[in-house]
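Q: coords please:
(one chain, ligands or ions: 1)
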Amino acid sequence: MTTNQLVQEIKKKKSFLCIGLDVDLNKIPEHLLQEEDPIFAFNKAIIDATHHLCVAYKPNTAFYEAYGLKGWKSLERTIHYLNKNHPKIFTIADAKRGDIGNTSTMYAKAFLEDLAFDSVTVAPYMGKDSVEPFLTFKDKHTILLALTSNQGAFDFQTKTIDGKELYKQVLEISKTWENSKNLMYVVGATKAEFLADIRQIIPESFLLVPGVGAQGGNLQEVCKYGMNSQIGLLINSSRGIIYASKEKDFAEAAAIKAEELQKQMAVELDCHSKS
Ligand SMILES: O=C(O)c1cc(=O)[nH]c(=O)n1[C@@H]1O[C@H](COP(=O)(O)O)[C@@H](O)[C@H]1O
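A: Residues are numbered from 1 along each chain as shown. Model (predicted):
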């Protein structure tokens, strides 16, 4: 999917919501455990109930890899279901990969070619040659970790090296890489106060912003400092939506939570279009 297509969908649905499909078998309704593939059954119900409210889904691959081959099969079924039934929805493999060049090429093939996600999250720590293989795929996107939502972000990312914070160097240096137009960046919603500075460096890029809901990030703050002329934001919530209920009404409860966020986003989009 191109960035333009994503922007069109955001405007059409009045939503820049990304729903995180982080499925934990201990947290899903018990009746689903009788299904042949409980993870896919859960995801399908969540997708069927929420697809009109969001523009992206983000399965975090850890939640699938944890269940071995069965988990990988559930991930494959989920992405196939999305690509077949909702081709205009942006898909993110949250895999946080990155390695020496030839290995990164294989990671990129796994997520962008074989599973056919629109994008994959990548760690920048190993540098240019570890990220560039992901950037060669046409109309696919590499979402680079810039300033993450967790407390550990202050261990390295905000440290000053050669007179500048490390996360700012990630943003500046990655902009110079080949096919950098295919880059998006992760900035945690819990770090909204950094967004004004971040927008100085990457005014045009899309940001994936996790951390609203369970981690306490504030949607309005993120919009105030993070929105650009093309909206430029995908705000993710995982647990806050998908585990709204552990009963048979889990999908309806998820839709209610998703709609709450979508409505707040519609207000932000209205204000933005008038300003
Ligand atoms: O790359 C991510 O998506 C990510 C980056 C980050 O800085 N913080 C963060 O929470 N995430 C992911 O976003 C999701 C957040 O989930 P909830 O806290 O349940 O909404 C999880 O899949 C995290 O792995």
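
Q: mind listing what's buried in stretch 196-211?
A: 198, 199, 201, 202, 205, 206, 207, 208, 209, 210, 211 (16 or more other C-beta atoms under 10 Å). (Each C-beta comes from the backbone N, C-alpha and C, glycine too.)

Q: For the chain, which segments count as helices?
A: With DSSP state H as the criterion, the chain has helices at 3-13, 38-50, 62-65, 68-85, 101-108, 128-135, 153-156, 166-174, 195-201, 219-226, 239-242, 250-274.

Q: among those, which is nearest the ligand?
A: The ligand lies closest to helix 239-242 among those, at 3.3 Å (C-beta to the nearest ligand atom).

Q: Give the buried residues for that closest one.
A: Buried, per 16+ other C-beta under 10 Å, within helix 239-242: 240, 241, 242.

Q: And stretch 242-251, by the same measure?
A: For stretch 242-251, burial by neighbour count (16+ other C-beta under 10 Å) applies to 242, 243, 244, 250, 251.

Q: give me the residue from the stretch 51-200 of the chain nearest the ligand.
A: residue 148 (3.1 Å).

Q: Now do the contacts for the nearest residue to that residue once chain neighbours are set aside.
A: The shortest distance from residue 148 to any non-neighbouring residue, by C-beta to C-beta, 6 or more residues apart in numbering, is to residue 188 (5.3 Å). By C-beta atoms under 8 Å, 6 or more residues apart in numbering, the residues touching residue 188 are 147, 148, 149, 150, 153, 209, 210, 211, 215, 217.

Q: hang on, the third one packs against residue 207?
A: What it means is residue 149. No. Between residue 149 and residue 207 there is no contact under C-beta atoms under 8 Å: 12.0 Å.

Q: Residue 143 and residue 53, how far apart?
A: 21 Å (C-beta to C-beta, to the nearest Å).

Q: How about residue 105?
A: Remark: distance between residue 105 and residue 53 (C-beta to C-beta) = 36 Å.

Q: Give the residue from these two that has the larger number of neighbours.
A: Higher neighbour count among residue 105 and residue 53: residue 53, with 23 against 15, using other C-beta atoms under 10 Å.

Q: what's the closest of the buried residues of stretch 196-211 to the ligand?
A: Closest to the ligand, out of all of these and judged by C-beta to the nearest ligand atom, is residue 210, at 3.3 Å.

Q: Switch the helices of the chain over to TSV; also include mean pLDDT.
A: Below are the helices of the chain laid out as TSV (pLDDT from 0 to 100):
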stretch	mean pLDDT
helix 3-13	97
helix 38-50	98
helix 62-65	98
helix 68-85	98
helix 101-108	98
helix 128-135	98
helix 153-156	98
helix 166-174	98
helix 195-201	97
helix 219-226	96
helix 239-242	97
helix 250-274	96
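
Q: export these to JSON lines and tack on distance to residue 29?
A: Putting those into JSON lines (distance: least, C-beta to C-beta, whole Å) gives the following:
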{"stretch": "helix 3-13", "distance to residue 29": "27"}
{"stretch": "helix 38-50", "distance to residue 29": "8"}
{"stretch": "helix 62-65", "distance to residue 29": "16"}
{"stretch": "helix 68-85", "distance to residue 29": "16"}
{"stretch": "helix 101-108", "distance to residue 29": "33"}
{"stretch": "helix 128-135", "distance to residue 29": "36"}
{"stretch": "helix 153-156", "distance to residue 29": "34"}
{"stretch": "helix 166-174", "distance to residue 29": "39"}
{"stretch": "helix 195-201", "distance to residue 29": "37"}
{"stretch": "helix 219-226", "distance to residue 29": "27"}
{"stretch": "helix 239-242", "distance to residue 29": "11"}
{"stretch": "helix 250-274", "distance to residue 29": "5"}
